[in-house]
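*Asks:* Give the three-dimensional model of this entry:
(chains A and B)
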Number of protein chains: 2
Amino acid sequence: MKVKTEIIAVGSELLLGQIVNSNAQFLSKQLAELGMNVYYHTVVGDNPERLEQAIKTAQTRSNVLIFTGGLGPTKDDLTKETIAKALGRRLVTNEEALTFIEDYFKKTKRSMSENNKKQALVLENSCILRNDFGMAPGMALQYEDKFYMLLPGPPSEMKPMFTNHGREYFTTQLGFQEKIISRVLRFFGIGESQLETDLQDLIDGQSNPSIAPLASDGEVTIRLTAKHEQETVAIQLLNGLEKTIQTRVGQYFYGYDETTLVTELMKKMIDYKITLSAAESLTGGLFSEQLTSIKGTSLVLKGSLVCYTNEVKQNILKVSKETLKAHGAVSEQCAREMADNIRNLTGSDIGISFTGVAGPEPLENTPVGTVFIGISMSKKPTKVFPLNLAGDRNGIRKRTAKYGCYYIMKVIEGEYS
Amino acid sequence: MKVKTEIIAVGSELLLGQIVNSNAQFLSKQLAELGMNVYYHTVVGDNPERLEQAIKTAQTRSNVLIFTGGLGPTKDDLTKETIAKALGRRLVTNEEALTFIEDYFKKTKRSMSENNKKQALVLENSCILRNDFGMAPGMALQYEDKFYMLLPGPPSEMKPMFTNHGREYFTTQLGFQEKIISRVLRFFGIGESQLETDLQDLIDGQSNPSIAPLASDGEVTIRLTAKHEQETVAIQLLNGLEKTIQTRVGQYFYGYDETTLVTELMKKMIDYKITLSAAESLTGGLFSEQLTSIKGTSLVLKGSLVCYTNEVKQNILKVSKETLKAHGAVSEQCAREMADNIRNLTGSDIGISFTGVAGPEPLENTPVGTVFIGISMSKKPTKVFPLNLAGDRNGIRKRTAKYGCYYIMKVIEGEYS
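*Replies:* Numbers count the residues shown, from 1 in each chain, chains lettered A, B, ... in the order given. All right, here's what the predicted structure looks like:
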């Protein structure tokens, strides 16, 4: 069967322009990877008649219908009900889902209102897709020659549900022959255009695997996608191309697929049993926050100080009045003292400091984008890395935190391995 | 005539998930302001047969069809051609557009390729919408009882074209009397289903203004939209309904439209000239990071301590060994000491503390989602707020930071105003 997929988003908030249909983009990417053709996106409001019409239209032109939204507890959530009507299926209570919902309310000590039970209703004889981040279960079924999948609207629920359960449903049900395997290589410290120049001949000559560079948030990724009936062959194709790429730009490579600089840094520090602490002025806690967003951080991050004011830099971090007076808070000297002092204050192996001007206005006559990152180590002289970053306030802060991870990794590779 | 608008985006890049359909969101907002109902968004690829089908479908259910994309010079730009075919109109060269294009190439000293002339082709007897930021002109026309508008795909061209020329076309052609005014009320600390239950009668009886609740990231918003020929009356309608809503759930209200909890907290603290510092265990810097992401933070946030380990809680924050031994780090007592000590350490008016279990595993036999937020004030007894939050590690941390903002605002309203 030739797959013709239509993604139908249900929600008046989309038609009012309150939110953008990012679900359709996410699903389209995923389906492209699976080799499933997407021919239409449709958005329809919380209106049963128009939704029913949209379903009828989709049935005439598509054979895989994926719905997002309208599975919630409120009156205007009516995707299940309308599809049930269109397919002549009953809605039945899913005991597993009901128990899950009841437990959720017990756990959070909130009172469960009647309409929450509505979320446990599912289409009869459908395959349930577990919701690991919310209450409304998803479902999938085949009816006549068409496939139907119902996913929740909130991206935080929909994305993991499709990745962890929805994809598998299609791969098994549609019995794909060709295996499509992707691998993302992540780079930091090199610009997109430089990377493209270094790989131009490979990009021009690409066929299978395909090469797709993408720049975002100061990082560059390259997505390699290979297709073959045998998975092992597809993987060999990827390995061959990656090897060529790594020999050219390997020094900027930091990880695969969905990883982040912070994750890779954490792994390395846990391996080497190194402890860390940060003195954050410019970044205001962003660096520590990113580390602590990963489990197991307590093995690495002892603690950090958000020293946003000079008062705190002096009184708690003990940066000398002279340094602040003579060089200012945004200076190589201040970054050095901040890094040394936070390391001593917490007794960590490495102390890192962030000071700079995020803007919008210059500070102490120092232009926006001026940044100093200090790294203090027990066994080696303290290093200070100066940066001049472009972008707005938060762009500068985010990229500064990334450079922090990158520099620590480089330092560790040099000092500890 | 009752306006039924359909926005049709043409472009395979949308169906591949390479870009998100932000044009549809932008136009939907604009059209809502004009009081034009949007009933459908459709996305179709650069394929003449499917585009023609999409046009036919739209003609059966909509009377205003707005197209974005496919006006460019390349072979796969075929929106004009396909619409011309569907409406039986000729494409004619628009001299003004052609001159403009030729001038553009002269100016930029680039050589004009033949296919660029294609961009000067317009539907016969259509109203031309000037493109102030690109080469392809837009166009609008009435055919039988329907209106058609063709806009370019790049948002940088489409948005100004619609705002500066497209809006006017509709207001004059459709001769609108009615003004549409929206207001978004933002709530925190109440679930969507609970809020709906509290407002059920209003939601059931809604007509003008309309009421649209929406939940995301632990917050709930209600969009009120009023229509009336006189703007003042529409505003009166909104005020009346808001008053009723505020009397019922006002204690959870925190702000209007596009604001955030952090922004509202910052405003309040700057107004009251209150300084703040945080002791962040569970949140690991997230709370401070969110404050410092807003300019002007230095007036409010003196500094914070990320006290991720008990070692740092004891040695730097001076939480008593006894407390940690007897009650553990995740306890009402520890939250209280953390809040008091960070306030004294930094000399701030308010000290806030965050301790809890983000998971994935329980900590000190305390279940995931257990959270204590302490708030210490110079003039008043310290408060500790216990929470039981559901969700994954980062969901718990993010919601904890939001509760922190919410509780401080409540405390300030009680203590300082």
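
*Asks:* Three-state assignment for the most far-flung residue of chain A relative to its centre, please.
*Replies:* Relative to the centre of chain A, and counting by CA atoms, centre = their mean, the farthest-placed residue is A:E322 at 43.1 Å. Following DSSP: H, G, I helix; E, B strand; the rest coil, A:E322 is assigned to helix.

*Asks:* what sits against it?
*Replies:* By CB atoms under 8 Å, 6 or more residues apart in numbering or on different chains, A:E322 lies in contact with nothing. No exception for glycine: its C-beta is placed from N, CA and C like everyone else's.

*Asks:* is chain B contacted by stretch A:172-188?
*Replies:* No - applying CB under 8 Å from any CB of the partner chain, one finds stretch A:172-188 out of contact with chain B, separated by at least 13.0 Å.

*Asks:* hang on, the earlier thing: any idea how far chain B is from the residue farthest from the centre of chain A?
*Replies:* As judged by CB to the nearest CB, to the nearest Å, A:E322 and chain B stand 21 Å apart.

*Asks:* Let's see the pLDDT reported for that residue.
*Replies:* For A:E322, the model assigns a pLDDT of 96.

*Asks:* and stretch A:318-332, how far from the chain's centre?
*Replies:* In terms of CA atoms, centre = their mean, to the nearest Å, the centre of stretch A:318-332 is found 37 Å from the chain centre.

*Asks:* Over to stretch A:80-96?
*Replies:* For stretch A:80-96, the distance to the chain centre is 33 Å (CA atoms, centre = their mean).

*Asks:* And that stretch, what's buried?
*Replies:* A:K80, A:E81, A:T82, A:I83, A:A84, A:A86, A:L87, A:R89, A:L91, A:N94 (16 or more other CB atoms under 10 Å in any protein chain shown).

*Asks:* measure that stretch end to end?
*Replies:* Taking CA to CA, to the nearest Å, the first and last residues of stretch A:80-96 lie 18 Å apart.

*Asks:* Let's check: the centremost residue of chain A is which one?
*Replies:* The residue lying closest to the centre of chain A (CA atoms, centre = their mean) is A:E258, at 7.0 Å.

*Asks:* Let me know whether that residue touches A:R183 as I believe.
*Replies:* No - assessed by CB atoms under 8 Å, A:E258 is found out of contact with A:R183, at 11.3 Å.

*Asks:* What's the biggest helix in chain A, counting residues?
*Replies:* In chain A, taking DSSP state H as the definition, the longest helix is helix A:393-415.

*Asks:* gap between that helix and the chain center?
*Replies:* Worked out by CA atoms, centre = their mean, helix A:393-415 lies 18 Å from the chain centre.

*Asks:* same question, stretch A:77-97
*Replies:* On CA atoms, centre = their mean, the centre of stretch A:77-97 falls 32 Å from the chain's centre.

*Asks:* And the closest residue to the residue nearest to the centre of chain A other than its chain neighbours, how far from chain B?
*Replies:* Leaving aside its sequence neighbours, A:E258 sits nearest to A:V184 (CB to CB, 6 or more residues apart in numbering or on different chains; 7.5 Å). A:V184 sits at a distance of 15 Å from chain B (criterion: CB to the nearest CB).

*Asks:* what about A:V184, distance to A:F162?
*Replies:* A:V184 is 18 Å from A:F162, where distance means CB to CB, to the nearest Å.

*Asks:* Then A:H327?
*Replies:* From A:H327 to A:F162 the distance is 53 Å (CB to CB).

*Asks:* Among these two, which residue is more densely surrounded?
*Replies:* Neighbours per residue (other CB atoms under 10 Å in any protein chain shown) separate A:H327 from A:F162, with A:F162 holding more: 25 against 16.

*Asks:* And A:T5, its phi and psi?
*Replies:* Phi and psi for A:T5, reported as degrees, to the nearest 10, are phi -90, psi 140.

*Asks:* For the stretch 251-400 of chain A, which residues are neighbours of chain B?
*Replies:* A:278, A:280, A:283-289, A:291-293, A:295, A:297-298, A:301-309, A:311-312, A:316, A:345-347, A:359-360, A:393-394, A:397.

*Asks:* counting contacts, what elements does the helix or strand of chain A with the lowest mean pLDDT pack onto?
*Replies:* When each helix and strand of chain A is scored by mean pLDDT, DSSP states H and E, strand A:210-216 comes last, with a mean of 78. With contacts taken as 3 or more CB pairs under 8 Å, 6 or more residues apart in numbering or on different chains; DSSP states H and E, strand A:210-216 sits against helix A:192-198, helix A:200-204, strand A:219-228.

*Asks:* How far away from the center of its chain is the last one?
*Replies:* In terms of CA atoms, centre = their mean, the centre of strand A:219-228 is found 17 Å from the chain centre.

*Asks:* Now do the following helix or strand past that strand and strand A:219-228, the angle between them.
*Replies:* Of the helices and strands lying after strand A:219-228 in sequence (DSSP states H and E), the nearest is helix A:231-249. If you take axes from the mean of the first three to the mean of the last three CA atoms, to 10 degrees, helix A:231-249 sits at 150 degrees to strand A:219-228.

*Asks:* which other residues reach helix A:231-249?
*Replies:* Around helix A:231-249, the neighbours that count as contacts under CB under 8 Å, 6+ apart are A:179-181, A:183, A:185, A:187, A:190, A:195, A:198-199, A:202, A:208-209, A:211, A:222, A:224, A:226-228, A:253.

*Asks:* let's go with 7 Å and repeat that
*Replies:* A:179, A:181, A:183, A:185, A:187, A:190, A:195, A:198-199, A:202, A:208-209, A:222, A:224, A:226-228, A:253 (CB atoms under 7 Å, 6 or more residues apart in numbering or on different chains).

*Asks:* which residues are contacting the helix or strand that that helix is followed by?
*Replies:* Of the helices and strands lying after helix A:231-249 in sequence (DSSP H and E), the nearest is strand A:253-256. The contact list for strand A:253-256 (CB under 7 Å, 6+ apart) reads A:R183, A:V184, A:L185, A:R186, A:F187, A:F188, A:Q246, A:L261, A:E264.

*Asks:* Quick check: bridge partners of the closest residue to the last one other than its chain neighbours?
*Replies:* This means A:E264. Leaving aside its sequence neighbours, A:E264 sits nearest to A:G255 (CB to CB, 6+ apart; 4.7 Å). Here A:G255 sits in beta bridges with A:R186, as judged by DSSP bridges.

*Asks:* A:G255: neighbour count?
*Replies:* 18.

*Asks:* Distance check, it against chain B.
*Replies:* Counting by CB to the nearest CB - A:G255 and chain B are separated by 19 Å.

*Asks:* need the contact list for A:N37.
*Replies:* A:V3, A:K4, A:T5.

*Asks:* ok, the last one touching A:F67?
*Replies:* No - in this structure, A:T5 sits apart from A:F67 without contact. The criterion is CB atoms under 7 Å, and the distance is 11.7 Å.

*Asks:* So which of these two has more stuff around it?
*Replies:* Ranked by neighbour count (other CB under 10 Å), A:T5 and A:F67 place A:F67 first, with 29 against 25.

*Asks:* Could you report the neighbour count for A:E231?
*Replies:* The burial count for A:E231: 12, using other CB under 10 Å.

*Asks:* That one and chain B, how far apart?
*Replies:* A:E231 is 23 Å from chain B, by CB to the nearest CB.

*Asks:* Please enumerate the helices of the stretch 1-150 of chain A.
*Replies:* A:12-15, A:22-34, A:48-61, A:79-87, A:95-107 (DSSP state H, counting those that start in this stretch).

*Asks:* Flag the shaky bits of the stretch 51-200 of chain A, pLDDT-wise.
*Replies:* Scanning the stretch 51-200 of chain A for pLDDT under 70 picks out the ranges A:176-177.
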